[in-house]
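Chemist: no sequence on hand, only this structure:
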């Protein structure tokens with residue numbers, strides 16, 4: 001054994017330098033926030049086989065002592081020097097050469113590096129009224145508000161929720177509302193003395209359950225302020241109805257369509273079609289549950305896929321029943337019976353108390369006229385777009401210290417393309433500069449990394465993982481998952497010091513898939529021919545789309561995919577502080593809801609942005625009662641030229657409202673997570 005390096009560094013037979021990380025930490029139980037088993041002190045990885053624990057320097061002498069003790073028996077100097085003496089001399093020599101500098105580095109190290117998440121101090125998301133002094137100061141500032149931020153007193157905040165709701169703040173030319181815009185407006189309106197209530201029209205939503213859960217929490221926060229909340233629906237399904245139960249009053253148009261019939265999942269498969277046209281998919285998947293590629297390889301759904309999708313459906317179904325039953329004063333059995341009855345008569349919904357009445361839109365308007373401070377023939381109202389311009393500082397909701405919120409949404413690509421650049425996708429070129437800027441910004445106390453991605457390019461995921469880890473060495477970083485943070489999306493998230501997910505967030509999918517098409521039969525049918533000249537055994541490995549892999553190429557194809565999976569799995573184990581065997585049991589490409597991921601130590605807490613911010617404050621040593629300023633550093637940019645031309649200006653990645661869809665891309669080279 002060779003003792004070398006600095007502090008506790010050990011090299012055995014020329015092997016990589018390894019330093020021992022801190023062990024498990026105690027769990028602190030507390031209501032209001034679910035927390036996974038604590039896992040580890042954050043480690044810095046200098047390469048795949050080299051882990052350097054932040055806390056290892058404090059054990060430098062101890063590790064050196066242990067190393068010397070293992071070899072000291074053969075060098076007792078004829079009995080004149082005891083093992084203890086040799087060990088003491090070795091420790092003294094080590095402290096003289098490196099102790100001073102190590103102690104200084106440890107003293108100067110950021111305090112958050114030894115942070116252990118503790119949920120007993122995390123406050124729940126709830127309405128907190130302004131104090132008398134805060135009210136007086138708020139009224140003073142509102143009296144001198146800029147003209148475009150003014151509106152009539154005793155107004156109702158009105159807006160419509162439909163279609164896609166972006167996770168990032170929208171640009172000037174972007175249609176619709178964003179999730180942070182909606183939640184921020186509801187939080188401000190709850191304490192705004194000019195707002196008497198909200199009236200929201202719900203139409204079919206094209207978002208996942210996690211976003212719906214987040215919006216529902218902020219509607220509940222507003223409702224707890226004592227102001228009225230009105231919801232109106234014309235066309236709605238289970239997801240819209242679930243959201244409506246957060247409102248005090250729920251109304252349907254008399255002829256509205258409300259379909260509450262349960263939840264389903266479907267898979268489509270193209271293997272039969274590909275066989276008919278002469279296309280052979282050659283796909284390598286690593287992970288029993290990694291279903292990306294099944295659409296091309298299979299003619300039906302695999303048992304593994306049925307198992308994991310069945311669990312997702314179970315969690316959605318159970319959560320829907322519990323939430324609706326609690327909100328509408330029903331039992332779980334009542335909700336289950338409603339779904340099984342296939343009710344289509346709106347009178348039944350009203351008479352049984354599933355909604356509060358049947359009204360036309362003009363009747364809703366007449367009711368709002370009586371509740372607001374406008375003239376008898378008009379409603380005193382303000383729209384969400386205008387209200388978004390009202391500053392949080394007007395209500396004392398901001399603080400001196402800043403926490404940055406970096407949002408990453410969409411498929412992970414190696415490089416952005418299209419008119420809109422990186423909009424609608426995640427690329428290293430867009431994310432890494434922001435991570436580095438945040439690391440240098442001394443005004444930022446910590447970072448919430450908001451991830452909403454089904455995955456994508458493996459290299460891009462790894463590059464961003466590395467930069468997130470480097471940022472976490474300088475200031476606290478907590479990942480907050482959106483609708484989906486799976487595969488490459490989980491890869492990014494696991495670099496943070498803690499992970500927060502909604503109960504119905506879809507996450508995990510730690511697996512790899514890669515492949516290409518063999519078009520030989522198709523070429524033959526259409527009379528197309530192709531000849532390749534090459535030098536090198538594997539020169540045609542991925543270039544030859546006119547033939548299948550030969551034996552050597554097939555072996556390389558499989559082994560390279562296995563290598564990529566092992567790298568992903570082992571980094572996940574390292575990042576989460578779990579043994580590789582334990583990570584293997586929950587990896588294999590399997591997806592989990594946030595609720596199930598918590599019990600498997602893939603995430604640390606169940607919640608949303610509020611909980612993520614609270615954890616950052618905890619790590620940064622900021623008191624939970626202290627207000628902070630959330631600094632959004634991401635914004636969707638949409639080109640006006642793209643809008644004029646009818647283009648999206650982005651790479652469209654959709655998540656079906658009732659099922660997680662695997663994103664799978666066949667490329668000449670590269671791996672997809």
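Modeler: Cool, got the structure. This structure is a prediction, so every number in the text was calculated from the model and none was measured.
Chemist: excluding chain neighbours, what is closest to residue 194?
Modeler: Nearest residue to residue 194 in three dimensions, chain neighbours excluded: residue 153, at 5.1 Å (C-beta to C-beta, 6 or more residues apart in numbering). No exception for glycine: its C-beta is placed from N, CA and C like everyone else's.
Chemist: do I have it right that that neighbour meets residue 382?
Modeler: No: contact between residue 153 and residue 382 fails when scored by C-beta atoms under 8 Å: they sit 10.6 Å apart.
Chemist: which of these two has more neighbours?
Modeler: Neighbours were counted for residue 153 and for residue 382 using other C-beta atoms under 10 Å; residue 382 has more, 22 against 14.
Chemist: what pairs with the more buried one across the strands?
Modeler: Beta-bridge partners for residue 382, by DSSP bridges, are residue 157.
Chemist: now do the same contact list for it.
Modeler: 151, 152, 155, 156, 157, 158, 195 (C-beta atoms under 8 Å, 6 or more residues apart in numbering).
Chemist: coming back round to it: residues contacting the residue nearest to residue 194?
Modeler: Contacts of residue 153 by C-beta under 8 Å, 6+ apart are 193, 194, 373, 380.
Chemist: max pairwise distance over these: which two?
Modeler: Farthest apart among these by C-beta to C-beta are 193 and 380. That separation is 13.5 Å.
Chemist: comparing those two, which shows the higher neighbour count?
Modeler: residue 380 (19 against 13).
Chemist: what's near enough to touch the most centrally placed residue in the chain?
Modeler: The centroid of the chain falls nearest to residue 481 when counting by C-alpha atoms, centre = their mean (1.8 Å). Residues in contact with residue 481, defined by C-beta under 8 Å, 6+ apart, are 210, 450-452, 489, 493, 499-502, 505, 507, 594, 603.
Chemist: if you set the cut-off to 10 Å instead, what comes out?
Modeler: Residues in contact with residue 481 (C-beta atoms under 10 Å, 6 or more residues apart in numbering) are 210, 449-453, 489-490, 493, 499-502, 505-507, 594, 597, 603, 608, 612.
Chemist: these in strands, which ones?
Modeler: 449, 450, 451, 452, 453, 499, 500, 501, 506, 507 (DSSP state E).
Chemist: what is the burial count for the nearest residue to residue 397 once chain neighbours are set aside?
Modeler: Using C-beta to C-beta, 6+ apart and skipping residues adjacent in sequence, the residue nearest residue 397 is residue 627, 6.4 Å away. Residues near residue 627, counting by other C-beta under 10 Å, number 13.
Chemist: and residue 627, which of the three is it?
Modeler: coil (DSSP: H, G, I helix; E, B strand; the rest coil).
Chemist: show me where the stretch 301-450 of the chain has its strands.
Modeler: 357-358, 381-383, 402-409, 411-412, 425-426, 444-453 (DSSP state E, counting those that start in this stretch).
Chemist: measure stretch 164-182 end to end?
Modeler: Length of stretch 164-182, first residue to last, C-alpha to C-alpha, to the nearest Å: 13 Å.
Chemist: show me the contacts for residue 145.
Modeler: 151, 194, 389, 390, 391, 394.
Chemist: am I right that it is in a helix?
Modeler: No: counting by three-state DSSP, residue 145 is not part of a helix but coil.
Chemist: residue 151 versus that one, what's the distance?
Modeler: 9 Å (C-beta to C-beta, to the nearest Å).
Chemist: what about the chain, any weak spots by pLDDT?
Modeler: 1-109, 114, 116, 118-121, 172-173, 374, 417-423, 637-671 (pLDDT under 70).
Chemist: going through the contacts of residue 382, which ones are buried?
Modeler: 151, 155, 156, 157, 158, 195 (16 or more other C-beta atoms under 10 Å).
Chemist: I figured the fifth one hits residue 231, correct?
Modeler: No: with contact defined as C-beta atoms under 10 Å, residue 158 and residue 231 do not form a contacting pair (11.5 Å).
Chemist: which neighbours do those two share?
Modeler: 198, 199, 200, 201.
Chemist: enumerate every residue touching the first one.
Modeler: With contact set as C-beta under 10 Å, 6+ apart, residue 198 has these partners: 156-159, 185-186, 189-190, 219, 222-223, 227-231, 247, 381, 384.
Chemist: report the secondary structure state of it.
Modeler: Residue 198 - assigned by three-state DSSP - is strand.
Chemist: same question for the last one.
Modeler: Three-state assignment for residue 201 (three-state DSSP): strand.
Chemist: need the contact list for the residue nearest to it when sequence neighbours are not counted.
Modeler: Nearest residue to residue 201, sequence neighbours excluded (C-beta to C-beta, 6+ apart): residue 160, at 4.4 Å. By C-beta under 10 Å, 6+ apart, the contact set of residue 160 is 176, 177, 199, 200, 201, 202, 203, 232, 383, 384.
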